[in-house]
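[1] How does the following fold in three dimensions:
(one chain, ligands or ions: 3)
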Amino acid sequence: MSDVAAYPTIVALSSGSGRAGVAVIRISGSRVRFVLETIAGGIPAPRHAVLRQLRDEAGEVIDTGLVLYFPAPASFSGEDIAEFQVHGARAVIARLLNVLTHLPGVRLAEPGEFTRRAFEAGKLDLAAVEGLADLIDSETEWQRRQALRQMTGTLGKQAAAWRSRLIEAMALLAADIDFSDEGDVSGPLVDEALAIAAGIAAELREALGSFAMGERVREGFVVVLAGPPNAGKSSLLNALARRDVAIVSAMAGTTRDAIEVRLDLAGLPVTLVDTAGLRESTEAIEAEGVRRALDLVARADLVLKLRAIDSPPDRFASIQKTLCIATKADLASDLASQALPGEIAVSSRTGAGLDNLLASIIAELGALSQPEPALLTRERHRVAVSDAVLALERAIDARHGQVELLAEEVRLAVTALERLVGRIDVEDVLDQLFSGFCIGK
Ligand SMILES: Nc1nc2c(ncn2[C@@H]2O[C@H](COP(=O)(O)OP(=O)(O)OP(=O)(O)O)[C@@H](O)[C@H]2O)c(=O)[nH]1
Ligand SMILES: [K+]
Ligand SMILES: [Mg+2]
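    Numbering: from 1, shown residues only. Ligands and ions are numbered 1, 2, ... in the order given. Predicted structure coming up:
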């Protein structure tokens, strides 16, 4: 990493942009010590914050701030890193970045470039990098917990453990190949290797079981409000969002476009979608609204099917997970007698039943049955783990066949797990991942 041309020293604003009390500017690479001497008047003791005047080439003070130095290799990127904590004014940030990038061998960082260097230095595996990206994007408690677990290496360590047990199985198979006579294919070594393979296949299948939840927590659950016109869908959206998002009126067919709000339901990220009332319509725009509503219903993780408590239930059936809701409960003199069995009675007007509805949504989304954050959170993880399971299943099926073929299947499973943590085939994944990173991370 001493090659300045190949690894220019990179600098970026690592805190959020815009006016703030404090801004953090970070710099990583082989020129860090030179930069510190040039603009901070010296190199602070490692990992100790010191107050310094930061000066430009002409010696004029840019700002006063805290300076930190993290020497290689015990830094985030594995390179020398310095951090400047300065006043979070646009002018200070602009001037400091300008001065820094005019020093020889220093340039602005690309999105995710600090993290890419950390990955290249072996500080983080691919799953941990993904976890870091998710942590930066996290908006709710479930997202934070899941991302933190992945960033701290839970998936990476698990994949490494699976891999080393499979390598043990491969060694047993290799020993069997070396020592067994022709024709004597299913010796005790093979049995032992296959027992390992079967155990790991079971653990991989269990991990796959958590994928759906992991992916939904990352991307957010889609919950769609559906029902006939005037069922009170937009009113319920507004009540759950606690703000006036959608137009409410006594006119049937008010909502046409789908209206989305992002909610944090007890830590679960949920996109709640209001839709056009479902009815046959000859009016082109409303008909298009209904078509979109049905499309959204088909793609929802959960459908809230509404009917006004004073109207009869309709025929509209959904194949999705559905919660049936009787709205306008304030219009019913006796709730229990008018809400059908299994229906949740709510009133957007009085707020009655909303807590009960939220609890039911959270339960329906599966949050109660999965207290631990999911291990697998991305399609990439699902594909790698599925490939490993399939290879192990083929190995187990071939238990009476040639040991060489069986060993090849176990090797394929090992390869799939190596893809999972980024030991191989990482470039495309990294490029895609880092393009979504913010600059300064
Ligand atoms: N009494 C009472 N009226 C309600 C309640 N919720 C909605 N309404 C009324 O029902 C009417 C329709 O409400 P909306 O929220 O616009 O119904 P919608 O299902 O979105 O209707 P469309 O968008 O036309 O399909 C309005 O006049 C609301 O004021 C409620 O909880 N209690
Ligand atoms: K309406
Ligand atoms: Mg509406």
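
[2] quick check: mean pLDDT across stretch 270-290?
    On average, the pLDDT along stretch 270-290 is 94.

[3] again with stretch 341-361
    pLDDT averaged over stretch 341-361 gives 95.

[4] Quick one: check it for contact with ligand 3.
    No - using C-beta under 5 Å from the ion, we find that stretch 341-361 stays clear of ligand 3, coming within 11.3 Å at best. (Each C-beta comes from the backbone N, C-alpha and C, glycine too.)

[5] what residues does that stretch touch?
    223, 232, 235-236, 238-240, 265-266, 270, 302, 304, 309, 323-330, 332, 335, 338-339 (C-beta atoms under 8 Å, 6 or more residues apart in numbering).

[6] residues contacting Ser249?
    Contacts of Ser249 by C-beta under 8 Å, 6+ apart: none found.

[7] Tell me the secondary structure at it.
    Of the three states, Ser249 takes coil according to DSSP: H, G, I helix; E, B strand; the rest coil.

[8] Quick check: pLDDT value at it.
    Ser249 is given a pLDDT of 97.

[9] Please report how far it lies from Asn230.
    The gap separating Ser249 from Asn230 is 9 Å, by C-beta to C-beta, to the nearest Å.

[10] Find the nearest non-adjacent residue to the residue in the chain that ligand 2 sits nearest to, please.
    Closest to ligand 2 within the chain is Thr254: 3.6 Å, counting by C-beta to the ion. Nearest in space to Thr254, with sequence neighbours left out and distances taken as C-beta to C-beta, 6 or more residues apart in numbering, is Ile247 at 5.7 Å.

[11] Can you report how many residues lie near the one you found?
    For Ile247, the neighbour count with other C-beta atoms under 10 Å is 13.

[12] That one and Val273, how far apart?
    According to C-beta to C-beta, Ile247 and Val273 sit 15 Å apart.

[13] I figured the residue nearest to Thr254 was touching Thr255, is that so?
    Yes - taking C-beta atoms under 8 Å as the definition, Ile247 is a contact partner of Thr255 at 7.0 Å.

[14] Return the residues of the stretch 201-350 of the chain in contact with ligand 1.
    The interface of the stretch 201-350 of the chain toward ligand 1, taken as C-beta under 6 Å from any ligand atom, is made up of 229-235, 248-250, 252-255, 277, 327-328, 330-331, 347-349.

[15] again, only this time at 5 Å
    Contact residues, the stretch 201-350 of the chain versus ligand 1 (C-beta under 5 Å from any ligand atom): 229-235, 248, 250, 253-255, 277, 328, 330, 347-349.

[16] among these, which ones are buried?
    Neighbour-count burial (16 or more other C-beta atoms under 10 Å) applied to these gives 229-235, 248, 253-255, 277, 328, 330, 347-348.

[17] Helix or strand next in line after the top helix by length along the chain, which one?
    Counting by DSSP state H, the longest helix found in the chain is helix 154-179. Using DSSP states H and E, the next helix or strand after helix 154-179 towards the C-terminus is helix 188-209.

[18] Give me the distance from that next one to the chain's centre.
    Helix 188-209 sits 28 Å away from the centroid of its parent chain (C-alpha atoms, centre = their mean, to the nearest Å).

[19] what residues go with each domain of the protein?
    According to automatic domain parsing, the chain comprises the domains 9-124, 131-210+376-422, 223-364.

[20] how about these, which one is nearest Leu433?
    domain 131-210+376-422 (6.1 Å; C-beta to C-beta).

[21] Val403 contacts Asp178, doesn't it?
    No - using C-beta under 8 Å, Val403 makes no contact with Asp178, being 10.1 Å away.
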